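# Generate a structure from the sequence data that follows.
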Amino acid sequence: MSEPQIHDLGMTDTEYATLAAKGYEPLLELQIIAIGEAPSQARKLTKVVGLLKDKPPKTDEEWSEFMTAWEDACQERPLEA
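A predicted model of the protein is given here:
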């Protein structure tokens, strides 16, 4: 049986716990980085995916949180015309 790998995700345990409660997947973040995305953008994209992972936003609070994460991810890499 192989030992689990520990990766430095550049965040505190508290930050990790907060993100994990919202569906954050550190392996997805590492995969996004592996295909060439900047680490800061990979974290933002992983957060967006986590917010949509189990169900779409339903309440105003969930929509607000999703839109904030989406806008944050889009600021670093705006859509090209």
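# For stretch 19-27, what is the distance to the chain centroid?
Here stretch 19-27 is found 7 Å from its chain centre; the criterion is CA atoms, centre = their mean, to the nearest Å.
# Now do that stretch: everything it contacts.
For stretch 19-27, the external contacting residues (CB atoms under 8 Å, 6 or more residues apart in numbering) are His7, Leu9, Met11, Tyr16, Thr46, Lys47, Val49, Gly50, Leu51, Leu52, Lys53, Asp54. (Glycine included, C-beta is placed from N, CA and C.)
# Out of these, grab the one that's most surrounded.
Thr46 (25 neighbours; other CB atoms under 10 Å).
# Name the nearest residue to that residue, ignoring sequence neighbours.
Leaving aside its chain neighbours, Thr46 sits nearest to Glu29 (4.2 Å; criterion: CB to CB, 6 or more residues apart in numbering).
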